[in-house]
Every structure is written in C-alpha cells, then in structure tokens.
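# no sequence on this one, just coordinates:
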C-alpha cells in the first residue's frame with residue numbers, strides 16, 4: 001500500500017516533481033532514494049527474516065539518501081563525459097544509452113563501488129565498525145561479489161540502459177525504483193549464502 005500510494009502521488013504530482021528535480025536536484029535525489037530504496041531494504045528484510053522493519057531504519061534511510069545524491073551527480077557526469085568522447089570520435093555513438101550504462105556499471109566502476117559502500121555502511125550498522133578491506137575476509141564475501149557482479153551484467157546494464165532512454169529529469173527517480181530491485185537482489189544473495197552455509201548480511 002505504501003509503494004502504491006507513493007507511486008500514485010508521484011504520478012499525480014509529476015509536474016511538481018519534475019520542477020523540484022530541476023530546481024533542487026540533490027535534495028530530491030536524496031528523498032527519492034531515501035524513500036524508495038529504503039523500502040527495497042525493508043522488502044529484503046521481509047523476505048529474509050520475516051519482518052518489515054530492519055534495525056536503525058533512520059540511518060539506513062540516510063545512507064540511501066546519500067547514495068541518491070551520489071547518483072544524481074554521477075548520471076550527468078557520465079552522460080556528458082560519454083557525449084564528449086563521441087563528439088571527439090573517441091567512442092561509438094550507437095547505442096548511446098547502452099554505452100552510458102556500461103561506463104557506469106563496468107568501465108567506470110561506480111555501480112560496484114556504490115553497492116560496496118552500501119554493504120560496508122550496513123555492516124557497520126549491524127556489527128559495529130569494520131575496515132572496508134576486512135569485508136573481503138568474511139565467509140560471505142565470495143557469494144556477495146558473485147551475486148553483485150552477475151546482477152550488474154544481467155540486470156543493471158539493461159535496466160540502466162532504459163534509465164538513459166528517459167528524459168534526464170526522470171532518470172534519478174527511475175533509478176530509485178531500481179533500488180527496490182537491489183533489495184530483492186540482496187535477499188536472493190542472502191538466501192544463496194544460507195544455502196551454502198555462508199549467510200549474507
């Protein structure tokens with residue numbers, strides 16, 4: 001009901017949302033990701049542990065909001081950067097949205113880095129401070145990396161190709177909806193980890 005109500009509100013107020021996105025891109029990016037991607041994390045908890053609200057929900061909202069600001073800046077950065085390469089005949093122009101997605105997910109490495117930083121932040125919330133490089137010593141690390149890399153190849157590249165087919169004003173909102181899918185991907189990774197005796201946080 002929350003998801004439907006919020007989506008209906010965005011649809012009814014689409015003109016106001018578009019105007020706010022243009023006027024206040026970072027603030028709206030924070031709110032979009034904070035609400036929708038946190039809902040994805042709640043959905044992950046509902047699937048994995050059977051209840052909706054993970055601990056320290058406000059901090060998780062804050063983390064996702066920061067991710068929203070990060071991607072609000074990253075999208076035009078990669079878009080205009082690739083456009084510059086194309087203009088200088090240093091990269092093929094077709095298919096342009098696919099190439100932007102490839103740069104974000106693989107060539108530029110931002111997708112993995114964003115998901116790793118989120119994994120690190122969540123690990124701190126759950127278990128206390130841990131150095132980021134120590135995460136790779138955890139028994140669930142191979143399963144986490146495998147799931148994330150496969151999701152980048154088979155989900156994020158196609159999904160973010162669609163993102164860059166949209167007008168710029170709607171890209172961050174669409175990406176925030178994709179954050180719900182990230183919650184599902186992480187839940188599948190958690191169940192796969194349980195099946196192998198590893199368990200993913």
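Sure thing, it's come through. From a predicted model like this one, the values you see are computed outputs, not experimental measurements.
# how about the helix ranked longest in the chain, which residues are buried there?
Across the chain, the longest stretch assigned as helix under DSSP state H is helix 57-87. Residues 60-61, 63-72, 74-75, 78-79, 82 are the ones in helix 57-87 that count as buried (16 or more other CB atoms under 10 Å). Heads up, the C-betas are built off the backbone N, CA and C, glycines and all.
# repeat that for stretch 15-22.
Judged by neighbour count (16+ other CB under 10 Å), stretch 15-22 contains these buried residues: 17, 21.
# just the mean pLDDT for that stretch, thanks.
Across stretch 15-22, the average pLDDT comes to 90.
# what's in contact with that stretch?
For stretch 15-22, contacts defined as CB atoms under 8 Å, 6 or more residues apart in numbering pick out 10, 27-28, 169-170, 172-173.
# highest neighbour count among these?
Using other CB atoms under 10 Å as the neighbour criterion, residue 172 leads the contacts of stretch 15-22 with 26 neighbours.
# helix or strand for that one, which one?
Applying DSSP states H and E as the criterion places residue 172 in helix 168-195.
# for that helix, what is the average pLDDT?
Per-residue pLDDT over helix 168-195 has a mean of 74.
# likewise stretch 108-118?
Per-residue scores along stretch 108-118 average to 84.
# right, and residue 61 touches residue 32 too?
No: between residue 61 and residue 32 there is no contact under CB atoms under 8 Å: 11.8 Å.
# wait, what's in contact with the spatially most central residue of the chain?
Residue closest to the average C-alpha location in the chain (CA atoms, centre = their mean): residue 179, at 4.6 Å. By CB under 8 Å, 6+ apart, the contact set of residue 179 is 33, 36-37, 40, 64, 67.
# do that again at 6 Å, thanks
33, 36-37, 40 (CB atoms under 6 Å, 6 or more residues apart in numbering).
# which stretches of the chain have low pLDDT?
Along the chain, the model assigns pLDDT under 70 to residues 183, 186-201.
# picking that back up, what's the closest of the contacts of stretch 15-22 to residue 128?
Distance to residue 128 across the contacts of stretch 15-22 (CB to CB) is lowest for residue 27, with 30.9 Å.
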